[in-house]
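Peer 1: Below: sequence and its predicted model.
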Amino acid sequence: MSQASSGGARTTPLHETHLSLNATLVDFAGWLMPLRYTRESAEHQAVREAAGLFDLSHMGEIRVSGSQAAEFLDHALVGLLSTLAPGRARYTMIVAEHGGVLDDLIVYRLAEDEYLVVSNAANTDVVTAALAERTGGFDVAVADESAEYALIALQGPRAAEILAPLTDADLSDLGYYAARYCTVAGAPVLLARTGYTGEDGFELFVRPAAEAPAVWEALYKAGRPLGLLPAGLAARDTLRLEAGMPLYGNELNTNLTPYEAGLGRLVKLDKPGGFVGRAALTARRSSGPTQVLVGLVGRGRRVPRKGHGVLRNGVHVGVVTSGAPSPTLGKPIAIAAVDAGTDLSSGEFTVDVRGRAEAVDVVDLPFYKRKA
């Protein structure tokens, strides 16, 4: 269970753990969360080379259940969730009637008539309300159960090695975007092979949430000799940026459709029964997206940041949506939204970094792919 801090932000069940590790805490989406524990570059590299441990308990968990849960989610979301097998997960989105993205989601099918919808922290209330508004005519129940969960992510190439001795789950049989109930360090957990770092890893939905500190401590103790570090929001952001993964509020928002984010593949326009936003998304697919997302790699040391203008031969053609120094590449990187139709194969591209033009190279996303 979360509780409010003296400053008004909510704290996670791992708050005391973060204090004991001397974390730098910041208000993020109304939650007091660890920004970093030591150096964010060290935390980033630990995830790339060994493992990192993250507190994601600010994320939302919304249970959708009932005899028509599958049909309902097909109606409420852009994806085809009725074809998802129990024990599997799928990345999808919920959009408004006009096609704008309300949130990007991971949906886990727990049983034939039961799903867990995981939303971004800032959007949990919006997603819960939107789902509830769409239940008419369906035998389905929507319940925000976020307060009952803690969520811990163990990410990195040594994640399975660290986790295996602590769980009764057979990790060799747990594929990517699969999930199952098991125990970890004696605590009941929904264990999923999902993540937001570009590495192999796991997300542990701990319920009851009060079990989370013991689970964290067991993972931390087992992982430290192998190079594991606790990792905060700063490292999580640079990791997902290198992996080319969108962040709601940056690459995604209610003014953009999935097509503008290069995620039109998620939209199943031909699924039976239609869905909320179908007409608008059909029109957008026909007209084409207004923008495309591209990767930028800086030639110098100054970092393009969100909101900085992108120019081609001195003419404004877009805006940076996310940017940071890349610990893996050793260069500044950014994702930018560029006007559709811009010639990306020629011309001199620059970013206006506080009034100074910084040369950049346009590259395909992602910036980083882990070795198979």
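Peer 2: Structure's in. What do you need? Residues are numbered from 1 along each chain as shown.
Peer 1: Backbone dihedrals for the nearest residue to Glu242 once chain neighbours are set aside, please?
Peer 2: Closest residue to Glu242 apart from its sequence neighbours, by Cβ to Cβ, 6 or more residues apart in numbering: Tyr368 at 4.0 Å. Where C-beta positions appear, they are placed from N, C-alpha and C, glycine not excepted. When read as degrees, to the nearest 10, the backbone of Tyr368 gives phi -140, psi 140.
Peer 1: same deal with Leu233?
Peer 2: Dihedral angles for Leu233 - degrees, to the nearest 10 - are phi -60, psi -30.
Peer 1: what sits against it?
Peer 2: Counting by Cβ atoms under 8 Å, 6 or more residues apart in numbering, Leu233 touches Val26, Phe28, Met33, Pro34, Leu35, Arg36.
Peer 1: Among the residues you listed, which one sits closest to Glu133?
Peer 2: Relative to Glu133, the closest of these is Phe28; by Cβ to Cβ it sits at 27.0 Å.
Peer 1: phi, psi of the closest one?
Peer 2: Dihedral angles (degrees, to the nearest 10) for Phe28: phi -130, psi 110.
Peer 1: which residues pair with it across the strands?
Peer 2: Taking DSSP bridges as the rule, Phe28 bridges to Trp31.
Peer 1: separation between it and Tyr37?
Peer 2: Distance of Phe28 to Tyr37, computed by Cβ to Cβ, to the nearest Å: 15 Å.
Peer 1: Those two: which is more packed in?
Peer 2: Neighbour comparison, Phe28 and Tyr37: the larger count goes to Tyr37, with 20 against 16 (by other Cβ atoms under 10 Å).
Peer 1: Would you list the buried entries among the contacts of Leu233?
Peer 2: Buried subset of these (neighbour count, 16 or more other Cβ atoms under 10 Å): Phe28, Met33, Pro34, Leu35, Arg36.
Peer 1: which element is Arg284 on?
Peer 2: helix 278-287 (DSSP states H and E).
Peer 1: contact partners of that helix?
Peer 2: Val78, Val95, Glu97, His98, Gly99, Thr257, Pro258, Tyr259, Gly264, Val267, Leu269.
Peer 1: now swap in stretch 175-186 and tell me
Peer 2: Stretch 175-186 has contacts (Cβ under 8 Å, 6+ apart) with 87-91, 108, 110, 163, 166-169, 174, 188-194, 204, 206, 214-215, 217-219.
Peer 1: Filter the residues you listed down to the buried ones, PyMOL style.
Peer 2: Applied in PyMOL, the following selects the buried portion of the contacts of stretch 175-186 according to 16+ other Cβ under 10 Å:
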select buried, resi 87+88+89+90+108+110+163+166+167+169+174+189+190+191+192+193+194+204+206+215+218+219
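Peer 1: Out of the contacts of stretch 175-186, which sit inside helices?
Peer 2: If you go by DSSP state H, those have Leu163, Ala214, Val215, Glu217, Ala218, Leu219 in helices.
Peer 1: which one among the residues you listed gets closest to His58?
Peer 2: So of the ones in helices among the contacts of stretch 175-186, ranked by how close each gets to His58 (Cβ to Cβ), first place is Val215, at 16.8 Å.
Peer 1: My guess is that closest one contacts Phe205. True?
Peer 2: No. Taking contacts as Cβ atoms under 8 Å, Val215 lies outside contact range of Phe205: 10.6 Å.
Peer 1: What is the end-to-end distance of stretch 339-347?
Peer 2: Taking Cα to Cα, to the nearest Å, the first and last residues of stretch 339-347 lie 15 Å apart.
Peer 1: Residues in contact with it: which ones?
Peer 2: For stretch 339-347, the surrounding residues in contact (Cβ under 8 Å, 6+ apart) are Gly288, Pro289, Thr290, Gln291, Val292, Val294, Arg312, Asn313, Val317, Gly318, Val338, Val362.
Peer 1: how about the second one, what does it touch?
Peer 2: This points to Pro289. Pro289 makes contact with Thr257, Tyr259, Glu260, Gly262, Gly264, Ala340, according to Cβ under 8 Å, 6+ apart.
Peer 1: Report the buried members of those.
Peer 2: Among these, those scoring as buried are Thr257, Tyr259, Glu260, Gly262, Gly264 (criterion: 16+ other Cβ under 10 Å).
Peer 1: out of these, who's nearest Ala372?
Peer 2: Taking Cβ to Cβ as the measure, Ala372 lies nearest Gly262 of the buried ones among the contacts of Pro289, at 22.9 Å.
Peer 1: Report pLDDT for that closest one.
Peer 2: The per-residue pLDDT reported for Gly262 equals 96.
Peer 1: Next: the one 4 residues further on.
Peer 2: The pLDDT attached to Leu266 in the predicted structure is 98.
Peer 1: cool, Tyr108 as well?
Peer 2: 98.
Peer 1: how about it, what does it touch?
Peer 2: With contact set as Cβ under 8 Å, 6+ apart, Tyr108 has these partners: Arg88, Ala89, Tyr115, Leu116, Val118, Ala179, Leu190, Ala192.
Peer 1: so who does Glu211 touch?
Peer 2: Ala150, Ala187, Pro188.
Peer 1: number of nearby residues for the second one?
Peer 2: Here the neighbour count serves as a burial measure; for Ala187 (other Cβ under 10 Å) it reads 21.
Peer 1: For Asp361, grab the count of nearby residues.
Peer 2: Using other Cβ under 10 Å, Asp361 is surrounded by 11 other residues.
Peer 1: Excluding residues flanking it in the chain, which one is nearest the residue nearest the centre of the chain?
Peer 2: Against the mean C-alpha coordinate of the chain, by Cα atoms, centre = their mean, the closest residue is Tyr196 at 5.1 Å. Counting by Cβ to Cβ, 6+ apart, Tyr196 lies nearest to Arg240, which is 5.0 Å off, once chain neighbours are set aside.
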